[in-house]
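Participant: after the sequence you'll find the predicted model.
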Amino acid sequence: MIEKEKIITDVYNALQKKVAYEDIIIEQPKERSMGDLAIPCFGFAKILKKAPQQIASEIKENLKGDYHSVVIAGGYLNFFLKRAGITEKVLAEAHHDGYGQLSFGGGKTIVIDYSAPNIAKPFSVGHLRSTVIGNALRNICQKCGYQVVGINHLGDWGTQFGKLIAAYKKWGDEEKIRKNPIDELTALYVRFHQEEQNDEKLSDEGRYYFRQLELGNEECVNLWRWFREESLKEFMKTYQLLGIDNFDTYDGEAFYNDKMQKVIEELDDKNILTNSEGAKVVTFDQLPPALIEKQDGATLYITRDLATAFYRKKTYDFAEALYVVGNEQQLHFQQLKAIIKKMGYNFADDIFHVNFGMILQDGKKMSTRHGKTVKLHDVLEEAIEKVSSYTNDYELKRKVGIGAVIFNDLKHYRTNDVEFNLDDILRFEGETGPYVQYTYARIQSLLKNKKEMSITMENIVINDLIWYLVFKVYNFSNIIEKAKNDYDPSQVAKYVLTLTQDFNKWYAEERIMEGDENYIQFKLLVCEAVGSVIKESLSLLGVEAPKKM
RNA sequence: GCGUCCGUAGAUCAACUGGAUAGAUCGUCUGACUUCGGAUCAGAAGGUUGUGGGUUCGAUUCCUACCGGACGCACCA
């Protein structure tokens, strides 16, 4: 926002540059009635050895610049801006598609790794967060002018496939799996687990088949490929419901099988590996050691992730690589970055673990083992079903139901754990997606009254409620930039909530369609601007904005 | 045991990362124009910010010790 820099510069000059430019902080006052922007003067007190209030009044005396008014309150200097100029500018620009677009990304590439469900396991609500946060970050980064590559790093490899193949050969039924792949495969896996407890031979069998799979045994590979295809088909149904199906690649763990040996060799060459109890590990000063190769020569999660990171750097030459993965993997990513750094690559600093809190149930982690998984697809369908009391239009029900689910997740700051609560997810009133969508739809119906006519600002009084809306719309791109820098979509969600709340307050207070025609059309322009920012915000979050609902 | 994160109204979350009288939503209670869309709006009640110290002009935010919780910590991913 230009006004912020103007004010800082004016204050800087008024202080006769006795205070460093960077030390001048600008913020929004607690209450909007106190001013549009504020400069706290407490920090200057030490440097200038005067009371903050006194400094504030001295600044005010020496201040040049075109403000509506400047008010001293406590140690604060509160600025009221001239409304007309900004309003005119905002109304001229905000209704264009793509309002708020930024360019600081400069076309550089950001790789985002998100969603990543596990093959042959249910797509649970636990995967919702990674999926929607990753998708929102994708949109936000694009809005900032970055090129984005969205990667769905499927969990499609590992010893569990040996077990699954063994289980299938024992008890599997092709027909059943075709009909209901995930449930059947999960059932096989669970049964194998149970019987394994009493029968050690089974464990050996599982290991045997995984080894065969690794060696490329045709039957095993074909089974694996089939499991993967069937699972992915079913995942796609969920992705389509969510409206998040635009991944650039679904290459998962298996894709890196032939790329790990090179990494191990390089680690060896650089003398980073040490031997410990027959396994190869990397040790650190500050972190616990990372196991790279097992006693039996098999690779591990971090080995694969190293290969992945190098492949991505080479393929995409990213400026940033984001991993939208839960809190519980923090140590893993610290180790990953530390190893890459040890190998002498600075791009380790461009890797960011965008961590998020878990979805808990009864205060505990959900897990397949305890039978505590809730399938995401079921939750989504329930959400859609709940809209039936408002409409029969399926597409509309989908947009609203899914909007509620996605918005509910994204409005919370990502790193906190959240308790799974179906009632909260399915709520349509208050701080929810449908509330925002409803406001948008209401605006669209108002806009039917809009005429193609030029208006004059001369006789228009921009009252507080209108001004708050305009000023907020004006601030949109700042929010996007902040959301990108913090990798935090919730800032967009919170922003659009307050914008719609403000709008609804105004709507209840002032009749839009009353007054002279010039004023009516002016108000409709305000509506249009607010509507377009609501729509843009929702689309950044991956939520659709129906025109009617 | 060690490490990371968390603890704010009855519930779910905010607080611009150290700033002004700690704000919203749900729930509860009371209201709203013979309606530009009531999936809305106005109002009421609800707080010693887990506890005790400390740092400073100023602390929900930083430091410290406890209490309580979640998650990690070598052959799963």
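Facilitator: Noted; the coordinates are in hand.
Participant: so how far is A:Asp486 from whatever residue of chain A ends up closest to RNA strand B?
Facilitator: Ranked by C-beta to the nearest atom of the strand, the top residue of chain A for proximity to RNA strand B is A:Gly430, at 2.4 Å. C-betas here are computed from N, CA, C, even on glycine. Distance, A:Gly430 to A:Asp486, by C-beta to C-beta, to the nearest Å: 25 Å.
Participant: over to A:Phe428?
Facilitator: A:Phe428 sits 28 Å away from A:Asp486, going by C-beta to C-beta.
Participant: repeat for A:Gly106
Facilitator: If you measure A:Gly106 against A:Asp486 using C-beta to C-beta, the figure is 19 Å.
Participant: of those two, who's got more company?
Facilitator: Relative neighbour count places A:Asp486 above the other of A:Gly106 and A:Asp486, with 13 against 10, counting by other C-beta atoms under 10 Å.
Participant: just the pLDDT for that one.
Facilitator: According to the predicted model, the pLDDT of A:Asp486 comes to 94.
Participant: show me where the stretch 301-450 of chain A dips below the pLDDT cut-off.
Facilitator: Within the stretch 301-450 of chain A, the stretches with pLDDT under 70 are A:362-364, A:366-372.
Participant: ranges for the strands of it?
Facilitator: Taking DSSP state E, counting those that start in this stretch as the criterion, the stretch 301-450 of chain A carries its strands at A:320-326, A:351-356, A:359-361, A:364-365, A:418-419.
Participant: what's the first-to-last distance across stretch A:144-155?
Facilitator: In stretch A:144-155, first residue to last residue: 30 Å (C-alpha to C-alpha, to the nearest Å).
Participant: buried sites along it?
Facilitator: Going by neighbour count (16 or more other C-beta atoms under 10 Å), the buried part of stretch A:144-155 is A:144, A:146-155.
Participant: again, but for stretch A:70-87
Facilitator: Within stretch A:70-87, the residues scored as buried using 16+ other C-beta under 10 Å are A:70, A:72, A:75-79, A:81, A:83, A:86-87.
Participant: any idea of the mean pLDDT in that stretch?
Facilitator: Taken as a whole, stretch A:70-87 carries a mean pLDDT of 93.
Participant: ok now it, how far from the chain's centre?
Facilitator: For stretch A:70-87, the gap between its own C-alpha mean and the chain's C-alpha mean amounts to 34 Å (C-alpha atoms, centre = their mean, to the nearest Å).
Participant: with stretch A:175-193 instead?
Facilitator: Centroid separation between stretch A:175-193 and its chain, computed with C-alpha atoms, centre = their mean, is 32 Å.
Participant: repeat that for stretch A:171-182.
Facilitator: Going by C-alpha atoms, centre = their mean, the spacing between the C-alpha centre of stretch A:171-182 and its chain's C-alpha centre is 35 Å.
Participant: what average pLDDT does that stretch get?
Facilitator: Here stretch A:171-182 scores 89 as its mean pLDDT.
Participant: host element of the closest residue to A:Tyr468 other than its chain neighbours?
Facilitator: If the residues on either side of it in the chain are set aside, A:Tyr468 comes closest to A:Asp502, at 5.4 Å by C-beta to C-beta, 6 or more residues apart in numbering. Counting by DSSP states H and E, the element that carries A:Asp502 is helix A:490-509.
Participant: close to RNA strand B, is that helix?
Facilitator: Yes - under the criterion of C-beta under 7 Å from any atom of the strand, RNA strand B is reached by helix A:490-509 at A:490, A:494, A:501, A:504-505, A:507-509.
Participant: what's the closest of those residues to A:Pro434?
Facilitator: Sorting the residues of helix A:490-509 next to RNA strand B by how near they are to A:Pro434, with C-beta to C-beta, puts A:Asn504 at the top with 13.2 Å.
Participant: give the contact list for the closest one.
Facilitator: Contacts for A:Asn504 were tallied using C-beta atoms under 8 Å, 6 or more residues apart in numbering; they are A:Thr439.
Participant: look at it and report its pLDDT.
Facilitator: Confidence per residue is given as pLDDT, and for A:Asn504 that number is 96.
Participant: any figure for the gap between it and A:Tyr440?
Facilitator: As judged by C-beta to C-beta, A:Asn504 and A:Tyr440 stand 11 Å apart.
Participant: at contact distance from RNA strand B, anything in stretch A:151-160?
Facilitator: Yes - for stretch A:151-160 and RNA strand B, the contact criterion (C-beta under 7 Å from any atom of the strand) is met by A:155, A:157-160.
Participant: quick one: which of the residues you listed has the most company?
Facilitator: Neighbour counts for the residues of stretch A:151-160 next to RNA strand B were taken using other C-beta under 10 Å; the highest belongs to A:Trp157, which has 22 neighbours.
Participant: isn't that residue right next to A:Ala254, touching?
Facilitator: Yes - if you go by C-beta atoms under 8 Å, A:Trp157 and A:Ala254 touch, sitting 4.3 Å apart.
Participant: contacting residues around the closest residue to A:Tyr146 other than its chain neighbours?
Facilitator: Beyond its immediate neighbours in the sequence, the residue positioned closest to A:Tyr146 (C-beta to C-beta, 6+ apart) is A:Gly105, lying 3.5 Å away. For A:Gly105, the contacting residues are A:141, A:144-147, taking C-beta under 8 Å, 6+ apart as the criterion.
Participant: in a strand, A:Gly105, correct?
Facilitator: No - under the criterion used here (DSSP: H, G, I helix; E, B strand; the rest coil), A:Gly105 is coil, not part of a strand.
Participant: show me the strands in the stretch 101-250 of chain A, by range?
Facilitator: Using DSSP E, counting those that start in this stretch, the strands of the stretch 101-250 of chain A run over A:109-113, A:147-151.
Participant: quick one: closest of those to A:Lys450.
Facilitator: Between A:Lys450 and the strands of the stretch 101-250 of chain A, the tightest spacing by C-beta to C-beta is seen for strand A:147-151, at 34.7 Å.
Participant: which helices and strands sit right next to the helix or strand containing A:Leu291?
Facilitator: Under DSSP H and E, the secondary-structure element containing A:Leu291 is strand A:290-293. Helices and strands touching strand A:290-293, as assessed by 3 or more C-beta pairs under 8 Å, 6 or more residues apart in numbering; DSSP states H and E, comprise helix A:260-269, strand A:279-282, helix A:301-316.
Participant: how about the helix or strand following the first one: buried residues?
Facilitator: Per DSSP H and E, the first helix or strand lying C-terminal to helix A:260-269 is strand A:274-276. By 16+ other C-beta under 10 Å, strand A:274-276 has no buried positions at all.
Participant: quick check: mean pLDDT of strand A:274-276?
Facilitator: Averaged across strand A:274-276, the pLDDT comes to 92.
Participant: now look at that strand and say if it contacts RNA strand B.
Facilitator: Yes - on the criterion C-beta under 7 Å from any atom of the strand, strand A:274-276 is in touch with RNA strand B at A:Ser276.
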